[in-house]
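Visitor: Here is the input, now give the coordinates:
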Amino acid sequence: MAADRVNAMDLETCLSACAAHSTKLVASLDRRRIALAEALRTLLATHAATVPATSGTSPLPLLRRPAKAASGSSLLLGDALMDPLLAVGDKALDCGYEDETKLALMVADTVLTQRKRSRAGWRLRARVLEAMGAESAAAAAYERHLELTEEDGFGVASKVAGLREGARLQAELVRRLAVGCPGAREFADRSVTDSWARGLELHARGARDEARPLLIGTLLGQIAADAPVREIQQTLTHYLGLLREEAGVAGGGSAPTAGHADAAGPEALADLTALTTLYAEQRRVRMRGPVDDPTFGGVRWLTLGEFRNRIAGKSICLIANSKRVGNSSLGAEIDDYDLVVRFNSYRIDPAATGRRTDIHATIHKHGFNWDQHVDTRLIFGGISGDWKYSLRNRLVPGAQTYLGDESLRWPVRDIGRLSREAWPSIPTSGFNMLWLLDFLDVSPRLDLIGFDFYESGAYRLPAAMRLPITSVHEYTSEKAWVMERAQSVTDTRICLR
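Guide: Numbers count the residues shown, from 1 in each chain. Model (predicted):
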């Protein structure tokens with residue numbers, strides 16, 4: 001696999017592969033493949049809508065044929081097809097299966113063949129390579145993404161640092177194993193499958209001294225052959241398990257099992273603990289990146305009740321990320337409120353938007369503005385595990401004094417108990433926040449500024465402006481909910497109290 005370079009891929013080939021893959025997903029019961037099938041249908045429908053009716057019809061700008069076709073492709077990737085194609089890549093990668101991962105890589109290479117400076121293309125390629133275990137190439141692709149963007153809203157810098165540090169710690173772990181077993185290098189250039197099988201056989205028969213060079217030699221051979229990281233991790237996991245078994249360590253504990261005939265002495269146990277610590281840390285940093293301050297600056301967790309007490313009796317304004325705000329001159333009025341709430345990838349222009357941000361409410365899926373200091377940060381997410389993962393990976397130490405705990409994770413669903421039957425669409429960050437404040441009902445003044453539900457367009461950080469206004473939200477229902485409770489409405493302000 002030539003993972004370190006983009007493989008030139010023409011659009012026709014990629015679209016043909018997408019069409020062929022779509023037929024494989026018919027009647028699939030896997031929810032991830034169902035989502036991919038829908039993304040493929042959208043892509044192919046968009047493409048079909050741009051195909052000229054006859055050869056004599058002038059092609060639409062999306063799929064235009066230049067007078068002299070570029071090498072390897074007669075179709076050019078236009079803007080209308082870009083987002084559907086990237087969506088296919090994302091959904092294919094989410095599936096986690098080999099065929100879909102290869103499709104995702106093809107999509108990334110297709111995008112980067114024609115758009116070498118596509119930030120989304122480089123990030124998709126990096127994620128695919130990481131999933132395939134090509135971490136060095138993945139880190140290089142992530143770094144290319146960082147070179148092309150101004151704001152690291154997806155925590156890519158932390159991801160790169162984690163991959164680099166994980167690789168360093170893994171190398172140190174394998175080095176220690178090799179130093180303790182000089183005979184292992186003899187097996188580094190042999191078949192890893194044969195060496196591993198023979199080593200396990202010897203170990204099972206109790207010939208541990210004979211087994212050790214073969215097992216460690218397998219690791220050295222995998223690294224020399226640049227094997228996928230997940231395969232190296234599996235080998236490490238198994239081998240350290242054998243060491244714990246030899247030492248009489250129960251499960252993942254650090255003390256020898258009482259009465260075990262082969263229980264290790266203090267020195268051997270200390271060596272095993274050091275190896276296990278290295279192993280755990282290289283796994284940990286790959287997942288979340290290095291964390292200099294595990295307490296994240298001594299952040300204080302807020303429960304629902306504590307959050308209520310902090311906002312009680314204070315005037316609050318919620319500022320939309322809309323052009324209506326960006327084109328206004330409301331900055332001074334906004335800053336006069338006791339508390340100013342902003343959302344996701346908000347953008348500051350003092351004259352238009354005001355200067356202060358007291359509460360930052362954001363979805364967990366990206367990290368825009370997480371490095372901006374605020375008093376309180378509420379991070380929303382529908383799935384507890386994903387929410388916790390994002391906090392570990394994206395939270396910036398010292399950037400917030402208070403952080404909402406899990407009782408504030410998903411207000412509309414968890415506090416309001418609004419089921420998917422009652423509220424089918426996924427609530428926006430703005431609606432989650434607004435619903436929460438309305439539910440608590442402790443603010444004498446609660447105003448929405450610039451909330452036109454994106455009728456005027458988005459006003460966000462530059463790196464976030466390329467993100468589509470997602471279709472998973474249903475702004476019409478949210479607007480109707482707001483208007484039912486509005487006390488007064490102007491072009492720029494909706495007062496709920």
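
Visitor: burial of Ala211, as a residue count?
Guide: Ala211 has 19 neighbours, counted by other CB atoms under 10 Å. Any C-beta I mention is one placed from the backbone N, CA and C, and that applies to glycine too.

Visitor: that's a helix at it, yeah?
Guide: Yes - under DSSP: H, G, I helix; E, B strand; the rest coil, Ala211 sits within a helix.

Visitor: Provide a list of residues in contact with it.
Guide: Neighbour list for Ala211: 199-203 [criterion: CB atoms under 8 Å, 6 or more residues apart in numbering].

Visitor: Buried subset of those residues as a PyMOL selection?
Guide: To isolate the buried subset of the contacts of Ala211 in PyMOL, counting by 16 or more other CB atoms under 10 Å, use the following:
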select buried, resi 199+200+202+203
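
Visitor: list the buried ones in the lowest-mean-pLDDT helix or strand in the chain?
Guide: Least confident helix or strand, the chain: helix 384-394 with a mean of 86, by mean pLDDT, DSSP states H and E. Buried residues in helix 384-394, counted by 16+ other CB under 10 Å: 387, 390-391, 393-394.

Visitor: Tell me the one of those nearest Val299?
Guide: Leu391 (9.9 Å; CB to CB).

Visitor: so is the nearest residue to that closest one once chain neighbours are set aside in a helix, a strand, or just coil?
Guide: Nearest non-adjacent residue to Leu391, counting by CB to CB, 6 or more residues apart in numbering: Ile379, 6.4 Å away. What three-state DSSP gives for Ile379 is strand.

Visitor: could you pull out the helices for the stretch 301-450 of the chain?
Guide: In the stretch 301-450 of the chain, the helices defined using DSSP state H, counting those that start in this stretch lie at 304-311, 323-326, 331-335, 350-353, 384-394, 429-440.

Visitor: among those helices, which is nearest Leu446?
Guide: helix 429-440 (5.9 Å).

Visitor: Distance from the closest one to the middle of the chain?
Guide: Centroid separation for helix 429-440 versus its chain: 25 Å, with CA atoms, centre = their mean, to the nearest Å.

Visitor: if we can go back for a sec, dump the residue contacts of the residue nearest to Leu391.
Guide: Residues in contact with Ile379 (CB under 8 Å, 6+ apart) are 362-364, 387, 390-391, 403-404, 409.

Visitor: and the gap between it and Leu11?
Guide: Using CB to CB, to the nearest Å, Ile379 is found at 38 Å from Leu11.

Visitor: Adding distance to Leu103 as columns, could you present the contacts of Ile379 in a markdown table?
Guide: Converted to a markdown table, the contacts of Ile379 look like this (distance: CB to CB, whole Å):
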| residue | distance to Leu103 |
| --- | --- |
| Thr362 | 31 |
| Ile363 | 27 |
| His364 | 27 |
| Trp387 | 28 |
| Ser390 | 26 |
| Leu391 | 31 |
| Leu403 | 38 |
| Gly404 | 38 |
| Arg409 | 33 |
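
Visitor: wait, which of those is closest to Ala49?
Guide: Ile363 (30.8 Å).

Visitor: Go ahead and confirm the closest one touches Ile383.
Guide: No - between Ile363 and Ile383 there is no contact under CB atoms under 8 Å: 11.7 Å.

Visitor: Those two - which one has more neighbours?
Guide: Just comparing Ile363 and Ile383: by other CB under 10 Å the higher neighbour count belongs to Ile363, 20 against 11.

Visitor: distance of that one from Gly96?
Guide: 23 Å.

Visitor: cool, and Gly265?
Guide: Distance, Gly265 to Gly96, using CB to CB: 43 Å.

Visitor: in the protein, which ranges drop under the pLDDT threshold?
Guide: Along the chain, segments meeting pLDDT under 70 span 1-4, 52-74, 250-264, 291-292, 294, 466-474.

Visitor: One more pass at 50, please.
Guide: The model of the chain has pLDDT under 50 over residues 1, 53-73, 252-261, 471-472.

Visitor: And the buried residues of helix 384-394, which is closest to Leu418?
Guide: Proximity of these to Leu418 (CB to CB) peaks at Trp387, which lies at 18.2 Å.

Visitor: I figured that closest one was touching Gly381, is that so?
Guide: Yes - Trp387 lies in contact with Gly381 (CB under 8 Å); the separation is 3.3 Å.

Visitor: any shared contact partners between these two?
Guide: What both Trp387 and Gly381 touch, as defined by CB under 8 Å, 6+ apart, is the set 364, 409.

Visitor: hmm, back to that, present the buried residues of helix 384-394 as CSV; the columns should include distance to Leu124.
Guide: As requested, the buried residues of helix 384-394 are exported to CSV (distance: CB to CB, whole Å):
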residue, distance to Leu124
Trp387, 23
Ser390, 19
Leu391, 24
Asn393, 18
Arg394, 19
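
Visitor: which residues of the protein fall in strands?
Guide: Applying DSSP state E to the chain gives strands spanning 300-302, 316-319, 339-343, 359-363, 374-380, 400-404, 446-449, 488-489, 493-495.

Visitor: Need these in CSV (columns: distance to Glu151).
Guide: Output for the strands of the chain, formatted as CSV (distance: least, CB to CB, whole Å):
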stretch, distance to Glu151
strand 300-302, 26
strand 316-319, 18
strand 339-343, 15
strand 359-363, 13
strand 374-380, 16
strand 400-404, 18
strand 446-449, 23
strand 488-489, 33
strand 493-495, 29
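
Visitor: And those: which comes nearest Ala458?
Guide: The closest of the strands of the chain to Ala458 is strand 339-343. By CB to CB, the value is 11.2 Å.

Visitor: tell me the angle the closest one makes with helix 429-440.
Guide: Strand 339-343 and helix 429-440 meet at an angle of 140 degrees, taking axes from the mean of the first three to the mean of the last three CA atoms, to 10 degrees as the criterion.

Visitor: Check which helices and strands strand 339-343 sits against.
Guide: If contacts are counted by 3 or more CB pairs under 8 Å, 6 or more residues apart in numbering; DSSP states H and E, strand 339-343 sits against strand 316-319, strand 359-363, helix 429-440.

Visitor: Let me have the ones you listed in TSV, extended by distance to Asp109.
Guide: Listed next are these as TSV, based on distance: least, CB to CB, whole Å:
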stretch	distance to Asp109
strand 316-319	40
strand 359-363	29
helix 429-440	33
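
Visitor: any idea how far the residue nearest to Leu391 is from Trp387?
Guide: Taking CB to CB, one finds Ile379 at 7 Å from Trp387.

Visitor: shared neighbours of the two, anything?
Guide: Common contact partners of Ile379 and Trp387 (CB under 8 Å, 6+ apart): 364, 409.

Visitor: Indicate which one of the helices and strands packed on strand 339-343 is closest to Ala45.
Guide: Ranking the helices and strands packed on strand 339-343 by proximity to Ala45 (CB to CB) places strand 359-363 first, at 27.7 Å.

Visitor: residue ranges of the helices in the stretch 151-300 of the chain, please?
Guide: 156-179, 192-204, 208-224, 229-247, 266-288.

Visitor: Identify, out of the ones you listed, the most deeply packed stretch.
Guide: helix 208-224 (a mean of 21; mean count of other CB atoms under 10 Å).

Visitor: tell me the angle that helix makes with helix 229-247.
Guide: Using the same axes, to 10 degrees: helix 208-224 against helix 229-247 is 160 degrees.

Visitor: Kindly format the C-alpha coordinates of helix 208-224 as PDB.
Guide: Extracted in PDB, the C-alpha atoms of helix 208-224 (Å, rounded to 0.1, in the frame of the first residue of the first chain):
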ATOM      1  CA  ARG A 208       9.500 -20.300  27.800                       C
ATOM      2  CA  ASP A 209      13.200 -19.500  27.300                       C
ATOM      3  CA  GLU A 210      13.100 -21.000  23.800                       C
ATOM      4  CA  ALA A 211       9.700 -19.300  23.000                       C
ATOM      5  CA  ARG A 212      10.800 -15.800  24.000                       C
ATOM      6  CA  PRO A 213      13.200 -15.100  21.100                       C
ATOM      7  CA  LEU A 214      10.600 -16.300  18.600                       C
ATOM      8  CA  LEU A 215       7.800 -14.200  20.100                       C
ATOM      9  CA  ILE A 216       9.900 -11.000  20.400                       C
ATOM     10  CA  GLY A 217      11.400 -11.700  17.000                       C
ATOM     11  CA  THR A 218       7.900 -11.600  15.600                       C
ATOM     12  CA  LEU A 219       7.400  -8.100  16.900                       C
ATOM     13  CA  LEU A 220      10.700  -7.000  15.400                       C
ATOM     14  CA  GLY A 221       9.700  -8.600  12.100                       C
ATOM     15  CA  GLN A 222       6.300  -6.800  12.100                       C
ATOM     16  CA  ILE A 223       8.000  -3.400  12.700                       C
ATOM     17  CA  ALA A 224      10.600  -4.100  10.000                       C
END
